[in-house]
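In: what shape does this take:
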Amino acid sequence: MALKVKVSNMKCDDCASKISEAIKVMEPKAKVDVDLDSKTVTVDSGASDESIKQAIVAAGYHIEGYQ
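Out: This is a model prediction of the structure:
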């Protein structure tokens with residue numbers, strides 16, 4: 001099942017690339033879709049939702065509703 005999160009401080013293509021790269025380092029087979037307009041990241045992966053969120057936060061981004 002895919003995880004969809006809102007990343008409030010994602011602003012540009014460079015941000016999108018950094019987030020995708022952070023997720024793929026953790027889970028190379030992950031399918032990552034970044035929508036800059038809606039500031040959402042959708043990840044289809046075998047990794048846990050928690051580890052995906054941690055990868056995004058570790059890359060320096062904020063997920064709405066997640067600490």
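In: flag the shaky bits of this protein, pLDDT-wise.
Out: Applying pLDDT under 70 to the chain flags the ranges 1, 67.
In: all strands for it, in order.
Out: 2-6, 31-35, 40-44 (DSSP state E).
In: for Val57, which of those is the nearest?
Out: Smallest distance to Val57 across the strands of the chain (CB to CB): 10.2 Å, for strand 2-6. Yep, even glycine has a C-beta here, placed from its N, CA and C like the rest.
In: the closest one to strand 40-44, inter-axis angle?
Out: Orientation of strand 2-6 against strand 40-44 (axes from the mean of the first three to the mean of the last three CA atoms, to 10 degrees) gives an angle of 160 degrees.
In: which strands and helices sit next to strand 2-6?
Out: With contacts taken as 3 or more CB pairs under 8 Å, 6 or more residues apart in numbering; DSSP states H and E, strand 2-6 sits against strand 40-44, helix 49-58.
In: redo the strands of the chain as CSV? Include distance to Val25 and mean neighbour count.
Out: Listed next are the strands of the chain as CSV, based on distance: least, CB to CB, whole Å; neighbours: other CB atoms under 10 Å:
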stretch, distance to Val25, mean neighbour count
strand 2-6, 17, 15
strand 31-35, 11, 15
strand 40-44, 13, 18
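In: now distance to Glu50 too, for those strands, in a markdown table please.
Out: Formatted as a markdown table, these follow (distance: least, CB to CB, whole Å):
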| stretch | distance to Glu50 |
| --- | --- |
| strand 2-6 | 10 |
| strand 31-35 | 17 |
| strand 40-44 | 12 |
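In: please name whichever of those strands is nearest to Cys12.
Out: strand 31-35 (10.7 Å).
In: name the residues that touch the closest one?
Out: Strand 31-35 has contacts (CB atoms under 8 Å, 6 or more residues apart in numbering) with 10, 16, 19-20, 23-24, 40-45.
In: before we move on, the earlier item: take the helices and strands packed on strand 2-6 and write them to a markdown table, including distance to Tyr66.
Out: Putting the helices and strands packed on strand 2-6 into a markdown table (distance: least, CB to CB, whole Å) gives the following:
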| stretch | distance to Tyr66 |
| --- | --- |
| strand 40-44 | 12 |
| helix 49-58 | 5 |
